[in-house]
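# I'd like to go over a predicted model; first the sequence, then the structure.
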Amino acid sequence: MTNSTPSPIDSTKAYDICLASGSPRRALLLRQIGLNPLILPPDVDETILANEAPKAYVERLAIIKAQCGWQKQLDSAVNNSKFSPLITLGSDTSVVIGETILGKPRDKAQGLEMLAMLSGKTHQVYTSVAVVTATGVTSIVQVSDVTFTEISAERASDYWETGEPHDKAGSYGIQAMGALFVQHISGSFTGVMGLPLFETGELLKSSGISVLSAKK
């Protein structure tokens, strides 16, 4: 986590929650359930620790991201008496095949390698959600099983050229063209997208945000 001069936060806007993520998909999913997020992308080191299990990895990063978003708000509040830190949500998603954690591909070669690893197999998608409030941190990890059809080298290359896999864990996005490879999913579709909405709603409710009652 790096320290920098905080950007001013517009305290005149009616935000419901702080999202410590630069993912447009997570922001979209929060808006889908009626929340208007203040978006503060974190700056964190996502290196996997030695012998770190997938569950521990995604949960650690989700917590760090949420804590970073919370701290950014505290830093901004020092110079803005009208702003109080909002409940802050952080999340992290990893695709796992066997014991191998697949993050975002660094280039085409690695992206195609990931798709080849997933081709014709069932893999797991681990997504952790962490919430930080003034009283502490709570977190959950949701795991989904995703089964891919066989993907030819030509089809994988064509998919890469669409640009969609470039910033996606495991080199695919289930919410768009990547769904063409998915034969079966057991778990949470929105979790595979990057934010499991059922688990997120339960976590927010226990932290003081009841989404449905807030919209009456």
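Looks like it arrived, so ask away.

# all helices for the chain, in order.
24-32, 54-77, 108-118, 153-161, 189-193, 197-206, 211-214 (DSSP state H).

# For Glu59, which residues are in contact?
92, 128, 130, 139, 141 (CB atoms under 8 Å, 6 or more residues apart in numbering). From N, CA and C alone the C-beta is placed, and that goes for glycine too.

# try it again with 6 Å
128, 139, 141 (CB atoms under 6 Å, 6 or more residues apart in numbering).

# just Gly173 next, same as before
Per CB under 6 Å, 6+ apart, neighbours of Gly173: Glu164.

# gap between it and Glu113?
In this structure, Gly173 and Glu113 are 17 Å apart, going by CB to CB, to the nearest Å.

# Run through the protein and note the low-pLDDT ranges.
Within the chain, the stretches with pLDDT under 70 are 1-12, 213-216.

# Near the nearest residue to Met117 once chain neighbours are set aside, how many other residues are there?
Nearest residue to Met117, sequence neighbours excluded (CB to CB, 6 or more residues apart in numbering): Ile97, at 5.3 Å. Other residues within reach of Ile97, judged by other CB atoms under 10 Å, total 16.

# With Lys72 instead?
25.

# so how far is Pro42 from it?
8 Å.

# ok, now Gly191?
20 Å.

# Between these two, which is the more surrounded one?
Ranked by neighbour count (other CB under 10 Å), Gly191 and Pro42 place Gly191 first, with 26 against 21.

# Could you check how far that one is from Ile185?
The separation that Gly191 has from Ile185, given CB to CB, amounts to 10 Å.

# again with Leu19
24 Å.

# Which one of those two is surrounded by more residues?
Neighbours were counted for Leu19 and for Ile185 using other CB under 10 Å; Leu19 has more, 29 against 17.

# wait, the more buried one sits on Pro41?
No - taking contacts as CB atoms under 6 Å, Leu19 lies outside contact range of Pro41: 8.8 Å.

# Okay, buried residues for stretch 77-94 please.
77, 83, 85-94 (16 or more other CB atoms under 10 Å).

# Repeat that for stretch 206-214.
Buried, per 16+ other CB under 10 Å, within stretch 206-214: 207, 209, 211.

# same question, stretch 165-180
Within stretch 165-180, judged by 16+ other CB under 10 Å, the buried ones are 165, 168-175, 178.

# What distance separates the opening and closing residues of that stretch?
13 Å (CA to CA, to the nearest Å).

# and which of the buried residues of stretch 206-214 is nearest to Arg60?
Ser207 (19.3 Å; CB to CB).

# is it true that Met117 touches Val96?
No - between Met117 and Val96 there is no contact under CB under 6 Å: 10.6 Å.

# The two: who's more crowded?
Neighbours were counted for Met117 and for Val96 using other CB under 10 Å; Val96 has more, 20 against 17.

# residues contacting the more buried one?
54, 124, 126.

# Name the nearest of the residues you listed relative to Val146.
Gln124 (7.5 Å).
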